[in-house]
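[1] Just the structure for this:
(one chain, ligands or ions: 2)
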Amino acid sequence: MTHHHPDTGPEQSTDLRPGPSRRRLLGAAGAAGAAGLALGAAGGALGTAAATEPPTALSTVGSNRVPFRGDHQPGIIEPAQAHGHLLALDLAPGAGRKEAAALLRRWTRTAEALMAGETPASRLHDTGIALDAGPSSLTVTFGFGRTFFDRTGLAARRPSALAPLPPFSADELDAGRSDGDLWVQIGADDALVAFHALRALQREADGTARVRWQMNGFNRSPGATAAPRTARNLMGQVDGTNNPKETDEDFRQRVFVPAGGDPEWMAGGSYAVVRRIRMLLDDWERVPLDGQEKVIGRRKSDGAPLSGGSETTPVDLDKRGPDGNLAIAADAHVRVTAPASNGGAAMLRRSFSYHDGFRDDGAPDAGLLFVAWQADPMRGFVPVQRKLDRGDALSRFIRHEASALFAVPGGARKGEYVGQRLFEG
Ligand SMILES: C=CC1=C(C)c2cc3[nH]c(cc4nc(cc5[nH]c(cc1n2)c(C)c5CCC(=O)O)C(CCC(=O)O)=C4C)c(C)c3C=C
Ligand SMILES: [Fe+2]
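    Numbering: from 1, shown residues only. Ligands and ions are numbered 1, 2, ... in the order given. Sure thing, here's the model as predicted:
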């Protein structure tokens, strides 16, 4: 059971998560049922000594739990968490199909335990980093890069959708921070829970796969705004508004590979395009507000389209102002990226911001760990990026510095490990 708010951006569904807080609250307050809940919540007001109180219940942030098993892997349609780690690994020399399958088995067991808020099976060696914390909406997602299939003798099963992304003229890609045999995406609303998972999973790869690159990202913390809202990126824009919605008729078709699709082992899976996009914030922040809004085609304060209405009002690309000019400029980012401008191409964007300090030139090394999900990159990211590459207004303020594409298989069903249908199908 996973949910995505029907009308709003990635950050908006703290109240829609499966089983918010109840499980932990009951655990904390003993077996007192609803009375325990009330006691747990009102404990402070009773003013009694801590020693005689049941332990204070975890807040909803810690207690939120995302199910690991299902048709799709977690970490795709759930709201992006406050903390993210992206990890790409290459198989070690000598590691092949058998070792890779064993790794996916270990990873599956550990990811399932961690997402349930349990200590992993190798608890004797657990680092203890996440002790005291609940699952905190932890999700772990696994993917395979193009090179994985050669190294494991599985080239015949490589999806054609994993063909290398075409080069784009504005690319300034760092090969060392691009691609990779294996990919792990970790998200959690607590930084220690996220790092704990990163460390546990990386250690389990010891001897089988080595870290190729690793990136850290973040989003707004749940509860930081008075009411749930779409998150902002580091340019200050409301970002995620016009994502495909789970309630859209074609949502699944756009995001997930159908059963009977090609290859069959990818049924229920999706393709993740990962781009590290640095923002030229010094240049951006010099642009006056109305200029910034023109670049995107939406108002900065509330994300409403410049064609009128509120954040969720559909964008009217034909609307003209009293001066006869297009309300949303010809090169505005939302016009260039709209499905209507790209033969219907669409993707589910689920990104993290990043900040890695300052560069030698004094500029912030900050931007977007752009993660886009789609059933087929040729009907999602590729046509849209081709169009952006020809120069939308935003291109002047960003640099694509790393790129990767991963096949993310469907969710593990009961008794299965992630990717089992690839290895054993
Ligand atoms: C190739 C795909 C895309 C890249 C790369 C990309 C980079 C990028 N985008 C923003 C900020 C915003 N993007 C917005 C909308 C939007 N962006 C894409 C695609 C890419 N963006 C799409 C498909 C859309 C939706 C278009 C539509 O149908 O309306 C918005 C507006 C709010 C929203 O709908 O999310 C913002 C803001 C940045 C900063 C960035 C690179 C750093
Ligand atoms: Fe965008």
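[2] which bits of the stretch 201-350 of the chain sit near ligand 1?
    Contacts of the stretch 201-350 of the chain with ligand 1, taken as C-beta under 6 Å from any ligand atom, map to 233, 235, 237, 239-242, 275, 277, 279, 296, 298, 315, 333-334, 337-339. The way it works is simple: take the backbone N, C-alpha and C, and place the C-beta from them, glycine included.
[3] Arg396 belongs to a strand?
    No - assigned with DSSP: H, G, I helix; E, B strand; the rest coil, Arg396 falls outside any strand and is helix.
[4] That one touches Asp283, doesn't it?
    Yes - counting by C-beta atoms under 8 Å, Arg396 sits close enough to Asp283 to count as a contact (7.3 Å).
[5] could you pull out the strands for the stretch 51-200 of the chain?
    With strands called from DSSP state E, counting those that start in this stretch, the stretch 51-200 of the chain shows them at 83-91, 139-145, 182-188.
[6] For Pro383, find the nearest of these.
    strand 139-145 (21.6 Å; C-beta to C-beta).
[7] Pull up the pairing partners for the closest one, direction included.
    strand 182-188 (antiparallel), strand 398-408 (antiparallel) (DSSP bridges).
[8] show me where pLDDT drops low in the chain?
    1-58, 121-124 (pLDDT under 70).
[9] Show me which helix runs longest in it.
    Longest helix of the chain, by residue count under DSSP state H: helix 97-115.
[10] Point out the other elements, helices or strands, that that one touches.
    Helices and strands touching helix 97-115, by 3 or more C-beta pairs under 8 Å, 6 or more residues apart in numbering; DSSP states H and E, are strand 139-145, strand 182-188, helix 191-204, helix 420-424.
[11] so when I look at Asp356, I'm seeing a helix, right?
    No - Asp356: not assigned to a helix; according to three-state DSSP it is strand.
[12] what sits against it?
    Residues counted as contacts of Asp356 (C-beta atoms under 8 Å, 6 or more residues apart in numbering) are 216, 365-366.
[13] could I get the helices and strands packed on helix 97-115 as CSV with mean neighbour count?
    Below are the helices and strands packed on helix 97-115 laid out as CSV (neighbours: other C-beta atoms under 10 Å):
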stretch, mean neighbour count
strand 139-145, 25
strand 182-188, 27
helix 191-204, 21
helix 420-424, 19
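[14] could those be laid out in JSON lines, adding distance to Glu172?
    Formatted as JSON lines, the helices and strands packed on helix 97-115 follow (distance: least, C-beta to C-beta, whole Å):
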{"stretch": "strand 139-145", "distance to Glu172": "21"}
{"stretch": "strand 182-188", "distance to Glu172": "21"}
{"stretch": "helix 191-204", "distance to Glu172": "27"}
{"stretch": "helix 420-424", "distance to Glu172": "33"}
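[15] so which of these gets nearest Asp171?
    Closest approach to Asp171 among the helices and strands packed on helix 97-115 (C-beta to C-beta): strand 139-145, 17.6 Å.
[16] where's that closest one relative to the chain centroid, distance-wise?
    The chain centre lies 11 Å from the centre of strand 139-145; the measure is C-alpha atoms, centre = their mean, to the nearest Å.
[17] Using CSV, list the CA coordinates for it.
    The C-alpha trace of strand 139-145 is given here as CSV (Å, rounded to 0.1, in the frame of the first residue of the first chain):
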residue,chain,number,x,y,z
THR,A,139,12.9,3.3,1.3
VAL,A,140,15.6,1.4,-0.4
THR,A,141,15.5,0.9,-4.2
PHE,A,142,17.9,-1.3,-6.3
GLY,A,143,18.7,-0.9,-10.0
PHE,A,144,21.0,-2.4,-12.7
GLY,A,145,23.1,-0.4,-15.1
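[18] got the contact list for that strand?
    Residues from elsewhere that reach strand 139-145 (C-beta under 8 Å, 6+ apart): 66, 68, 73-76, 78, 81, 88, 104, 107, 111, 114-115, 162, 179-188, 197, 201, 272, 404-409, 418-419, 422.
[19] What of stretch 322-340?
    Residues outside stretch 322-340 that contact it (C-beta under 8 Å, 6+ apart) are 242, 294-298, 305-308, 315-321, 341, 345-346, 384, 387-388, 391-394.
[20] What is the neighbour count of Trp284?
    Neighbours of Trp284 under the rule other C-beta atoms under 10 Å: 18.
[21] Apologies, that question was intended for Gly261.
    Neighbours of Gly261 (other C-beta under 10 Å): 17.
[22] Contact partners for it?
    267, 375.
[23] Now with 7 Å, please.
    Ala267 (C-beta atoms under 7 Å, 6 or more residues apart in numbering).
[24] Go ahead and list the helix or strand containing it.
    Using DSSP states H and E, Gly261 sits in no helix or strand.
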